[in-house]
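Undergrad: build the 3D model from these lines:
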Amino acid sequence: MDTITHALIGAVTARATTPKHINHEHITIRARMTVGGIAAAFPDTDYVTMLINPLSFIADWHRAETHSLVILPIWALLLGVVFAYLTRHKTQWRECVLICALSICTHILTDLITSWGTQIFAPISDFAPALGITFVIDPIFTLIIATALLFAIFKHSRLIARTGLVVLVSYIALQAVLKQQAENIAEAYIKKEKLTSAHVFAMPQPVSPFNWKLIVATNNQYRLAYVNLVAKKDSPLPDEKTAGFWDLPDFYQHANNLTWYRYRLYNDDLNSKIAWIHPRFERYRRFARYPALYRIDKLENDHCFWFMDLRFTLPTSTPPFRYGMCKFGKQDWQPYRLKRFTQDEREAVDYP
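TA: Here you go, the predicted structure:
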């Protein structure tokens, strides 16, 4: 989930849990919502580690210790004490700690429903569940919580804040139902094609809660389709070469009119497999849940094999997190990445 939405949820949650009667023993409502919003945004401070090493960031550091239920009490205590002093509520530091704990918890929970994966037990375990119910940036999700916050402020009502949270949970439940419908479409495709040992994954997509990405995985090969659960049967598919961002919704088709794209992890070139299984590429292998070969660059004795994660592909944009292994002449394989928003700008990835 994006950081702004996290902050909004933290503020609304802080307002929804405000005691019925506020007196000198409690912090003010304004301070409570401010603390809740900032604390809920705090876990995303791990983004600064991307400046140190982008590969370590996506593989190890993002959504790890700052998103951990194990370390949550420590973060809540530290932030709560700091906020108690900054908001001049020193004697109410325990209340600040509780607000921080609750707000950080909302951050972790709303990250769990996306497709990235959150290491909720770091540093004890790198287990990173991802429910894949909500897209990381969901305008409807954000609108619900923002509306609840505004009305709760203007109407001075904790009931409105609580109602907003109930509506938000209901929306997430609806998305879970839609996810099951999308998975059923993929299961029907497997039966139709008579695929064996196939696994189905349905992932939320931008713009609409009815847009889903379907992935059918079979032995390092993938079939991928973009479905809209309420699309018209006769809606035309745009031309990928000329389509822009505003054409994105048109790529999500009716269940009976899907285009299935095929990907594989490596091709017949043995070097593609060597690059993928190389020890220095271990961190990207650990990060990518649906890895596929992005492209191959060959120039005389220079070889680069680039990989992507199908979780993050969209029909009209260049996928992020494109990492690969390059071999120049007789040198050993080296990990590189293609910079975001570029086609060919390579950057060496330091590997500690």
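
Undergrad: what lies in contact with stretch 259-269?
TA: The contact list for stretch 259-269 (C-beta atoms under 8 Å, 6 or more residues apart in numbering) reads 189, 216, 220-226, 237, 253, 272-273, 275-276, 291-293, 296, 305, 307, 310. (C-beta placed from N, C-alpha, C; glycine too.)

Undergrad: check those for burial and list the buried ones.
TA: Among the contacts of stretch 259-269, those classed as buried by 16 or more other C-beta atoms under 10 Å are 189, 216, 222-226, 237, 253, 272, 275-276, 291-293, 296, 305, 307, 310.

Undergrad: next structured bit after the host helix or strand of residue 105?
TA: Applying DSSP states H and E as the criterion places residue 105 in helix 93-112. Sequence-wise, the next helix or strand downstream of helix 93-112 (DSSP H and E) is helix 139-154.

Undergrad: got the CA coordinates for that following helix in CSV?
TA: Provided in CSV are the C-alpha atoms of helix 139-154 (Å, rounded to 0.1, in the frame of the first residue of the first chain):
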residue,chain,number,x,y,z
PRO,A,139,-7.9,4.9,-5.6
ILE,A,140,-11.2,3.5,-4.2
PHE,A,141,-9.4,2.2,-1.1
THR,A,142,-7.8,5.5,-0.6
LEU,A,143,-11.0,7.5,-1.3
ILE,A,144,-12.9,5.5,1.3
ILE,A,145,-10.4,6.2,4.1
ALA,A,146,-9.8,9.8,3.0
THR,A,147,-13.5,10.5,3.0
ALA,A,148,-13.9,8.9,6.5
LEU,A,149,-11.1,11.1,7.8
LEU,A,150,-12.4,14.3,6.4
PHE,A,151,-16.0,13.8,7.8
ALA,A,152,-14.6,12.6,11.1
ILE,A,153,-12.7,15.8,11.4
PHE,A,154,-15.4,18.2,10.3
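
Undergrad: the inter-axis angle of that helix versus helix 93-112?
TA: If you take axes from the mean of the first three to the mean of the last three C-alpha atoms, to 10 degrees, helix 139-154 sits at 160 degrees to helix 93-112.

Undergrad: output the contacting helices and strands for the helix or strand following helix 139-154.
TA: Using DSSP H and E, the helix or strand that follows helix 139-154 towards the C-terminus is helix 158-193. Applying 3 or more C-beta pairs under 8 Å, 6 or more residues apart in numbering; DSSP states H and E, one finds that helix 158-193 makes contact with helix 3-16, helix 139-154, strand 199-204, strand 211-218, strand 221-228.

Undergrad: check which helix or strand residue 304 maps to.
TA: strand 302-309.

Undergrad: in that strand, what's buried?
TA: Neighbour-count burial for strand 302-309 [16+ other C-beta under 10 Å]: 303-309.

Undergrad: now the residues you listed in CSV, with pLDDT and distance to residue 346?
TA: Formatted as CSV, the buried residues of strand 302-309 follow (pLDDT from 0 to 100; distance: C-beta to C-beta, whole Å):
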residue, pLDDT, distance to residue 346
303, 89, 13
304, 94, 7
305, 95, 12
306, 97, 9
307, 97, 14
308, 97, 15
309, 97, 18
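
Undergrad: low pLDDT regions in the chain?
TA: Applying pLDDT under 70 to the chain flags residues 351-352.

Undergrad: let me see the contact set for the residue positioned nearest the centre of it.
TA: The residue lying closest to the centre of the chain (C-alpha atoms, centre = their mean) is residue 116, at 3.8 Å. Neighbouring residues of residue 116 by C-beta under 8 Å, 6+ apart: 62-63, 130, 136, 311.

Undergrad: of those, which is the nearest to residue 144?
TA: Nearest to residue 144 among the contacts of residue 116: residue 136, at 16.0 Å, using C-beta to C-beta.

Undergrad: look up phi and psi at the closest one.
TA: Per-residue torsions, residue 136: phi -60, psi -30 (degrees, to the nearest 10).

Undergrad: thinking it is in contact with residue 5, fair?
TA: No - at 9.4 Å, residue 136 does not count as touching residue 5 under the criterion of C-beta atoms under 8 Å.

Undergrad: compare the two (neighbour count), which wins?
TA: Neighbour comparison, residue 136 and residue 5: the larger count goes to residue 5, with 24 against 16 (by other C-beta atoms under 10 Å).

Undergrad: quick one: which helix or strand includes residue 231?
TA: Going by DSSP H and E, residue 231 is not in any helix or strand.

Undergrad: just the one 10 residues further on next, same as before
TA: Residue 241 belongs to no helix or strand when elements are defined using DSSP H and E.

Undergrad: counting neighbours, which bits of stretch 322-339 end up buried?
TA: Here stretch 322-339 shows 322-327, 333-338 as buried, counting by 16+ other C-beta under 10 Å.
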